[in-house]
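J.: pasting the sequence and the predicted model now:
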Amino acid sequence: LARRVTAELVPVVRWKIIDGIKFIRNIYSINEANRQLEDELFSVLVRLLPNMSVGQAIQNFRWINTILKKQATNRTEGWGIKIEGAFLKMIPLNHDLNSAISLASEAEFQGRGERELLEQRGAGTAKAAEDLERKTLEGRAA
């Protein structure tokens, strides 16, 4: 989960009209309000999430949702609506994403295993050379 991956995320906004006249005057349609809110939330996600791994995003989920609600509230100031909630649906850890995480972990583990094996071989070769040199010197001394 420390690796960066690509996943489709779904932000959700719950809002209600509290001043119909302001809403009609400033935004006019529910579709337009939804479109602008969606654009705002995706702009926040595009700024925040590319710098995070899956693990970091899950760990900071509450913080991300707080930022989303704050941005949605700021964006709709003067629209005559109240933002009741803005949040990111849970990161979808689907089969493809799980496979990608698994393959990345396995590749890293195998890389470490190969590196350790090479280090052990190198240490073994060095030890054998040292033993040969010691035996040669002992034979000459005898």
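T.: Structure's in. What do you need?
J.: for this structure, what are the low-confidence residue spans?
T.: Within the chain, the stretches with pLDDT under 70 are 1-7, 91-118, 124, 128.
J.: could I get the full set of helices for it?
T.: Secondary structure of the chain, counting by DSSP state H: helices at 20-26, 30-48, 54-59, 61-75, 95-141.
J.: just the buried residues of the third one, please?
T.: Read it as helix 54-59. 54, 57 (16 or more other Cβ atoms under 10 Å). In this view, the C-beta of every residue, glycine as well, is placed from N, C-alpha and C.
J.: and the fourth one, by the same measure?
T.: Neighbour-count burial for helix 61-75 flags 64-65, 67-69, 71-72, 75 (criterion: 16+ other Cβ under 10 Å).
J.: show residues contacting it.
T.: 11, 13, 15, 36-37, 40-41, 44-45, 48-49, 57, 83, 85-88, 90 (Cβ atoms under 8 Å, 6 or more residues apart in numbering).
J.: now which of those residues would you call buried?
T.: Of the contacts of helix 61-75, these count as buried by 16+ other Cβ under 10 Å: 11, 13, 15, 37, 40-41, 44-45, 48-49, 57, 83, 86-88.
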